[in-house]
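> requesting a structural model of the entry that follows:
(one chain, ligands or ions: 1)
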Amino acid sequence: MSSDERHPRSLDVARVRADFPILERTVNGKPLVYLDSAATSHKPTAVIDAVSDFYAHHNANAHRGLYFLGEEATEAFEGARGKVARFFNAPGPETIVFTRGTTESMNLVAQGWGRKFLKAGDEVLLTEMEHHSNIVPWQMTAQVTGCVLRYIPLTDDGVLDLTDLGSLLTERTKILSVTGMSNALGTIPPLSRLVEAAHAVGAIVAIDAAQLAPHSRVDVQALDCDLLAFSGHKMLGPTASGGLYGKAEVLDAMDPMFGGGEMIYEVYPDHSTYKEIPYKFEAGTMQIAQQVGLGAAIDYLEGLGMDAVRRHEREITSYALGRLIEAGATVFGPADPGLRGGAVSFWYRDVHPHDLATILNEEGVAIRAGHHCAQLVMRRFGTPATARASFYVYNTLEEVDVLVAALARAQDIFV
Ligand code: 7TS
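Next up, the predicted model:
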């Protein structure tokens, strides 16, 4: 049991808010109510300062300079890798490959693992609630290898329908690639059960943790997943920070996706030898300042305590679900806040989500409207788009009230 669980802490949201300078912005004279953290989170001063301090005092390319700045830059970059490894309880920093985020990580899995190991007739098992970044790279791999993509369907409640799992997950399945939390429905699937079922048929498991990692304690060893992708910018870090965790033997076996400087030992006219993991995947100049900023974001999240972060998300999601339904909205995804995270998709009466987002913007409320890069979810529920409010550590229950009050104004205008 962690000390966090022995002494349950709540977030002091007023104090948290004071750490985010952008929350001082106003829109049309009204305070900004930012409800789009599933798209990207805001950054606390500690992260902004870490990036600024890197450029102001330590900037150099990493793994190259034999002078003091080069060493400092390398130390800062590798220090961030160590923090990421600790955050996910990875066995060592070599199991963390830095990438620009989940999209790049999933492409690395689909190319570096998929193109090497999949052949015609092999199956890749996905789910109907995947973000396009966990569908399109597999389609590209299927075109090259002839592998077949299969999908776990969704129930009307927006949870995975596992009744036919036995016929979907077979000895033909080589990899199960599944989101840890749907950005369009909020659904958190039963990951441990899925990992166990996949391993039982000899398949490996990749998890898209873009939405899960910002909100929950993720222990890759306890989960026993083989690969896990995450985006730093959704967890208080800079854009273009993030990475891919992989079991050492899985990463070792994978091919690099990018070739170029720094990922090689020796280059000959007709072939090259690659470095060990994780460096064989990190060609060219990396996002050094951004990953340093991600390290600061992880320090900040650990300061809050990930159990407190998840509790806050649950509380605000539960409140928002209740208030939205009471206001007459149709909510997509599980009604039980224990089965879901804080990305809440809805339709408000007959107001098109784009009109709704436009009206809400006039009230200072920022939500996302659209298909959320999850068109399979939209098709499953027979809608072209939804409005989506998503919450993070700096959001308050009062902001949910502002959202609901703004919905009433939209109704006056459109219905
Ligand atoms: N997977 C999930 C579940 C996501 O929600 C996103 C981004 C990605 C992958 C891709 O992450 P990226 O950092 O590489 O872009 N989701 C969203 C969203 O919901 N609104 O904007 C981006």
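
> buried stuff in stretch 38-47?
38-39, 41-44, 47 (16 or more other Cβ atoms under 10 Å). Bear in mind the C-beta positions are built from the backbone N, C-alpha and C, glycine included.

> which one of those is nearest the ligand?
Of all these, the ligand sits closest to Ala39, with 3.5 Å by Cβ to the nearest ligand atom.

> please name the nearest non-neighbouring residue to that closest one.
Arg368 (5.6 Å; Cβ to Cβ, 6 or more residues apart in numbering).

> where's the one you found relative to Ala343, distance?
To Ala343, Arg368 is 9 Å away according to Cβ to Cβ, to the nearest Å.

> neighbour count winner among the two?
Neighbour comparison, Arg368 and Ala343: the larger count goes to Ala343, with 27 against 21 (by other Cβ atoms under 10 Å).

> okay, and the beta partners of the residue nearest to Ala39?
Counting by DSSP bridges, Arg368 is bridged to Arg388.

> about what we covered before: out of the buried residues of stretch 38-47, which sit inside helices?
Among those, DSSP state H puts Val47 in helices.

> can I get the buried residues of stretch 38-47 in JSON lines with pLDDT and distance to the ligand?
Below are the buried residues of stretch 38-47 laid out as JSON lines (pLDDT from 0 to 100; distance: Cβ to the nearest ligand atom, whole Å):
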{"residue": "Ala38", "pLDDT": "98", "distance to the ligand": "4"}
{"residue": "Ala39", "pLDDT": "98", "distance to the ligand": "3"}
{"residue": "Ser41", "pLDDT": "98", "distance to the ligand": "11"}
{"residue": "His42", "pLDDT": "98", "distance to the ligand": "14"}
{"residue": "Lys43", "pLDDT": "98", "distance to the ligand": "14"}
{"residue": "Pro44", "pLDDT": "98", "distance to the ligand": "19"}
{"residue": "Val47", "pLDDT": "99", "distance to the ligand": "16"}
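
> in the stretch 201-350 of the chain, which spans are strands?
In the stretch 201-350 of the chain, the strands defined using DSSP state E, counting those that start in this stretch lie at 204-208, 227-231, 242-246, 264-267, 272-274, 329-332, 343-348.

> for the spatially closest residue to Phe281 that is not a sequence neighbour, helix, strand, or coil?
Counting by Cβ to Cβ, 6+ apart, Phe281 lies nearest to Val97, which is 4.5 Å off, once chain neighbours are set aside. Secondary structure, DSSP: H, G, I helix; E, B strand; the rest coil: Val97 is strand.

> count residues in the vicinity of Val97, would you?
Neighbour count for Val97, taken as other Cβ under 10 Å: 26.

> contacting residues for it?
Residues in contact with Val97 (Cβ atoms under 8 Å, 6 or more residues apart in numbering) are 105, 108, 243-246, 251, 277-278, 281-282.

> wait, Gly364 sits on Lys30?
Yes - assessed by Cβ atoms under 8 Å, Gly364 is found in contact with Lys30 at 3.6 Å.

> follow-up on the earlier one: mutual contacts of Arg368 and Ala343, please.
Common neighbours of Arg368 and Ala343 (Cβ under 8 Å, 6+ apart) are 38, 388, 390.

> isn't the first one right up against Arg368?
Yes - in this structure Ala38 lies within contact range of Arg368 using Cβ under 8 Å: 7.3 Å.

> who touches both of those two?
388, 390.

> which residues of the protein lie near the ligand?
Within the chain, the positions lying close to the ligand (Cβ under 6 Å from any ligand atom) are 38-39, 101-103, 131, 133, 179, 183, 208, 210-211, 231, 368, 372-373.

> swap in 8 Å and give it another go.
The interface of the chain toward the ligand, taken as Cβ under 8 Å from any ligand atom, is made up of 36, 38-40, 100-106, 130-134, 179-184, 208, 210-211, 229, 231, 233-234, 242, 343, 368, 372-374, 388, 390.
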